[in-house]
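> Okay, structure incoming, though there's no sequence with it:
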């Protein structure tokens, strides 16, 4: 199996992994474990960056794919796809800003270094989190729809 056929499956695994990491990091920060939250968020950012490289590699080399479904699923699929792409473009800089502010709010996990930076981190994280989760989850849903529910027969 060549890279072009493997990448969609790799991308789905990376998206699902990002989702799990983001939710784990959320649980850690809600439990008052900022050092664990930070480590898991760094992992989520790395996994998402690897995803982005794989995704762009695939879409710059793969042929244009037309959704094979018919009926009511077509507008549902394209609505999800369009919202997914637009929000993926929007969330990328949001992730960078959120991570930057988070990194500057905490010093070595020992406590708050700058309450102003922490408040700014938290304010943007409230937007970044649901958008990032939407993008990772819909990425997996789009994959399942294309490669499992409406999979083209081999050949």
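Alright, I've got the coordinates. Model, not experiment: these values are computed from the prediction. Residues are numbered from 1 along each chain as shown.

> now the helices: where do they sit in the chain?
Secondary structure of the chain (DSSP state H): helices at 3-30, 34-61, 73-105, 115-144.

> export these to JSON lines and tack on mean pLDDT and mean neighbour count?
The way it works is simple: take the backbone N, C-alpha and C, and place the C-beta from them, glycine included. JSON lines is the format used below for the helices of the chain (pLDDT from 0 to 100; neighbours: other C-beta atoms under 10 Å):
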{"stretch": "helix 3-30", "mean pLDDT": "95", "mean neighbour count": "17"}
{"stretch": "helix 34-61", "mean pLDDT": "95", "mean neighbour count": "16"}
{"stretch": "helix 73-105", "mean pLDDT": "94", "mean neighbour count": "15"}
{"stretch": "helix 115-144", "mean pLDDT": "92", "mean neighbour count": "17"}
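
> Nearest approach to residue 151 belongs to which of the ones you listed?
Among the helices of the chain, the nearest to residue 151 by C-beta to C-beta is helix 115-144 (9.8 Å).

> Report the distance from that closest one to the chain centre.
Distance of helix 115-144 from the chain centroid (C-alpha atoms, centre = their mean, to the nearest Å) equals 8 Å.

> Over to stretch 147-154?
Its chain's C-alpha centre and that of stretch 147-154 lie 24 Å apart, by C-alpha atoms, centre = their mean.
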